[in-house]
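In: With the input below, show me the fold.
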Amino acid sequence: EPTDARVDLRARAKIPEIAGRRLDVAATVAAIAGGEREDFSRFRLAVTAVPAAVTSEMLLDVDVTLVLAGYETDFSNTGRGREANVRLAASRLNGVVLAPGEQLAFNEVVGPRTLERGFDWAPEIYDDEMVPGIGGGTCQVASTLHAAAVMGGLEIVRRRPHSRPSSYIPLGLDATVIDGEVDLILRNPYPVPLVLH
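Out: Numbers count the residues shown, from 1 in each chain. Predicted structure coming up:
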């Protein structure tokens, strides 16, 4: 898959895009069919480049001093594991650029919540009950992003509320995310790129 260009807002640097690759099956099969027939023959896979949706060139005119919308939620005094999960999930979103018309899938950007990826144990809502889980607190990041997106007029493509009220955000602004099951998907409706911070 291609990787979009990003903005590192702390370092004030642009991170260039990386093109993806797609296997050209027909060309690869043709190369194998017309190739040598000796033991240990090697055949190069035929691939085509898949461009990134956001390129460094698109970021040349991005003014990161302009703010479309913002929203804050408090996660202090919620426990070390939860605080670590909130910070980690937010860091994965920080600097992501949404091209005009592009969609952002929260679970795709933040990735799986596992111990190996740095997430920690913390309370989370599951089947309407608070239970310990890996990545507890990630929904708070999704909810904060959802609220900012609502305030900024982004298109909410997919969002599901929690099964019970959350203490950190008013009803209607929360968003549940469960890796591989429930996602928050937003779309940039504007003719300019947006940078998440």
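In: Please make it C-alpha for all contacts and neighbour counts, starting now.
Out: Fine.
In: Please give me every residue in contact with residue 28.
Out: Listed by C-alpha atoms under 8 Å, 6 or more residues apart in numbering, the contact set of residue 28 reads 44-46.
In: Leaving out the residues flanking it, which one is nearest to residue 3?
Out: What sits nearest to residue 3 in space, not counting adjacent residues and going by C-alpha to C-alpha, 6 or more residues apart in numbering, is residue 18, at 5.0 Å.
In: What's the separation between that neighbour and residue 44?
Out: Going from residue 18 to residue 44 by C-alpha to C-alpha, to the nearest Å gives 21 Å.
In: Output stretch 104-113 as CSV, restricted to C-alpha atoms.
Out: What follows is stretch 104-113 as a C-alpha-only set of coordinates in CSV (Å, rounded to 0.1, in the frame of the first residue of the first chain):
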residue,chain,number,x,y,z
LEU,A,104,-9.7,8.7,7.1
ALA,A,105,-10.4,5.4,8.8
PHE,A,106,-9.4,5.7,12.5
ASN,A,107,-8.6,2.0,12.9
GLU,A,108,-6.4,1.9,9.8
VAL,A,109,-4.4,4.9,11.0
VAL,A,110,-4.1,4.0,14.7
GLY,A,111,-3.6,0.3,13.9
PRO,A,112,-4.2,-2.8,16.1
ARG,A,113,-4.2,-2.2,19.8
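In: tell me which element residue 146 is part of?
Out: helix 138-152 (DSSP states H and E).
In: list the helices and strands the helix or strand just after that helix packs on?
Out: For helix 138-152, the following helix or strand on the C-terminal side (DSSP H and E) is strand 155-158. Packed against strand 155-158 by the contact rule (3 or more C-alpha pairs under 8 Å, 6 or more residues apart in numbering; DSSP states H and E) you find helix 138-152, strand 185-187.
In: which residues touch strand 155-158?
Out: Counting by C-alpha under 8 Å, 6+ apart, residues outside strand 155-158 touching it are 146, 149-150, 183-189.
In: Show the end-to-end separation of stretch 57-68, please.
Out: Using C-alpha to C-alpha, first and last residues of stretch 57-68 are 21 Å apart.
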